[in-house]
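Participant: missing the sequence, but the structure's below:
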């Protein structure tokens, strides 16, 4: 089981943001809690279950064992992770 964090490419509020995703929702929530991210920040959307993280939080997630993935280098893995995140989303949060 693995937690992933993609490239920080989305510009919002003057910062670059990445997505924290995982093989299971339990792993995702455990990592988010370890990073100090409140559950209310959970993005349970049809585009995929994830947390948005700043560059700093991305670095901390990697230090805690999250696997960095790149849309440019790890295309197949990235597609698989996104498919899984979409399958986990219920759209209720």
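Facilitator: Cool, got the structure. As the structure is a computational prediction, the values presented were derived from the model and not from experiment.
Participant: Kindly provide the distance from the residue positioned nearest the centre of the chain to residue 7.
Facilitator: With distances taken as CA atoms, centre = their mean, residue 20 lies nearest the centre of the chain, 1.2 Å away. Per CB to CB, to the nearest Å, residue 20 is found 12 Å from residue 7. Backbone N, C-alpha and C define where each C-beta goes, glycine included.
Participant: so where does the residue nearest to the centre of the chain fall, helix or strand?
Facilitator: Using DSSP states H and E, residue 20 falls within strand 15-22.
Participant: just residue 52 next, same as before
Facilitator: strand 48-54.
Participant: Could I get the average pLDDT for whichever helix or strand comes after that strand?
Facilitator: Next along the chain after strand 48-54, taking DSSP H and E as the criterion, comes helix 55-63. The pLDDT scores in helix 55-63 average 96.
Participant: quick one on the thing from earlier: in the strand holding residue 20, which residues are buried?
Facilitator: Buried residues in strand 15-22, counted by 16 or more other CB atoms under 10 Å: 17-22.
Participant: picking up where we left off before, so which bits of the strand holding residue 52 are buried?
Facilitator: For strand 48-54, by 16+ other CB under 10 Å, it's 48-53.
Participant: That one pairs with which strands?
Facilitator: strand 15-22 (antiparallel), strand 43-45 (antiparallel) (DSSP bridges).
Participant: can you list contacts of the longest one?
Facilitator: Yep, that's strand 15-22 we're talking about. Strand 15-22 is contacted from outside by 1-11, 28, 31-32, 35, 37, 48-55, 57-58, 61, 66, 81-82, 84-85, using CB atoms under 8 Å, 6 or more residues apart in numbering.
Participant: So what's the gap between the very next helix or strand once past it and the chain middle?
Facilitator: Next along the chain after strand 15-22, taking DSSP H and E as the criterion, comes helix 25-34. Here the centre of mass of C-alpha atoms in helix 25-34, compared against the chain's by CA atoms, centre = their mean, to the nearest Å, lies 10 Å away.
Participant: follow-up on the earlier one: next, the angle helix 25-34 makes with the strand holding residue 52.
Facilitator: Per axes from the mean of the first three to the mean of the last three CA atoms, to 10 degrees, the angle that strand 48-54 makes with helix 25-34 is 20 degrees.
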